[in-house]
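**Student:** A structural model of the following input is requested.
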Amino acid sequence: MYKKLNIKAIIKGHKDSLNIEDKHSNYKKEFIYIPIIISIILVIIKVPDNDVKNIFGICLSILTGLYLNILVLLISSISSENLKITPGQKKIRLELLKETLYNVSFSVFISVKALIVLFISTILIIPNKLLNELFCILINVDFNYSVQFILGLFLYKYTIDIFLILFMILKRINVLYTKEIDIENLKLNELIRKEEELDDNY
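**Tutor:** This next block holds a predicted model:
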């Protein structure tokens, strides 16, 4: 059971792809510390209420569907038999696809974690005011507020992570398909040149 649910390879592949993307960048600073700082600021400004949670739920559902569509697109793009490019270019292309695949898979994982946090934050509320006040007396803190504050922090953090990775995925997909479009343009220009030469001969 554990082996079937183990996604360590996805997490490792994603982290390795970040290090490959820019060897001089600081992974922990850009993808851990800065999102945590921003999340703390956001949760201090506003602890997610029902309206904010509804917005998060809609956005996360849309983003999860988007990522799954991107996965399908990437899988269908793995074959490069029809591309007239050198073996070296094919190898670079496959590496880029592999890294992007890890990024997308990791984003789906983060989206699911965010949805779980959203679900827990929705149900983990003591509706009884007297019971909540009893908790306040026993532990000297507002139970509902404390729980929502902590879960809100995670919710903001995961959402920021999702958008950071989304921008990176868009950049990689743009690079990948821009190069393929350039190759197709070169082939098309060559065909046009040959047709013009034939017209000149006649």
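**Student:** contacting residues around the spatially most central residue of the chain?
**Tutor:** In the chain, the centroid-proximal residue (C-alpha atoms, centre = their mean) is S107; its distance is 3.3 Å. Taking C-beta atoms under 8 Å, 6 or more residues apart in numbering, we find S107 in contact with L63, Y67, I162, I165, L166, I169. For glycine as for every other residue, the C-beta is placed from the backbone atoms N, C-alpha and C.
**Student:** For the helix ranked longest in the chain, which helices and strands make contact with it?
**Tutor:** As assigned by DSSP state H, the longest helix anywhere in the chain is helix 143-201. Packing partners of helix 143-201 (3 or more C-beta pairs under 8 Å, 6 or more residues apart in numbering; DSSP states H and E): helix 8-21, helix 34-45, helix 50-76, helix 87-123, helix 129-139.
**Student:** Name the nearest residue to the residue nearest to the centre of the chain, sequence neighbours excluded.
**Tutor:** Among residues not flanking S107 along the chain, I165 sits closest, at 4.8 Å (C-beta to C-beta, 6 or more residues apart in numbering).
**Student:** got it, and I120?
**Tutor:** L151 (6.2 Å).
**Student:** neighbours around that neighbour, how many?
**Tutor:** Using other C-beta atoms under 10 Å, L151 has 21 neighbouring residues.
**Student:** picking that back up, ok, which of the helices and strands packed on helix 143-201 comes nearest E180?
**Tutor:** Ranking the helices and strands packed on helix 143-201 by proximity to E180 (C-beta to C-beta) places helix 87-123 first, at 8.1 Å.
**Student:** now the angle from that closest one to helix 50-76?
**Tutor:** 160 degrees (axes from the mean of the first three to the mean of the last three C-alpha atoms, to 10 degrees).
**Student:** List the buried residues for helix 87-123?
**Tutor:** Neighbour counts over helix 87-123 (16 or more other C-beta atoms under 10 Å) mark 93, 96-97, 99-108, 110-111, 113-115, 117-118, 121 as buried.
**Student:** circling back: which of the helices and strands packed on helix 143-201 sits closest to L176?
**Tutor:** Per C-beta to C-beta, nearest to L176 of those: helix 87-123, 5.4 Å.
**Student:** circling back to that earlier point, what pLDDT is listed against the residue nearest to S107?
**Tutor:** Listed pLDDT for I165 reads 86.
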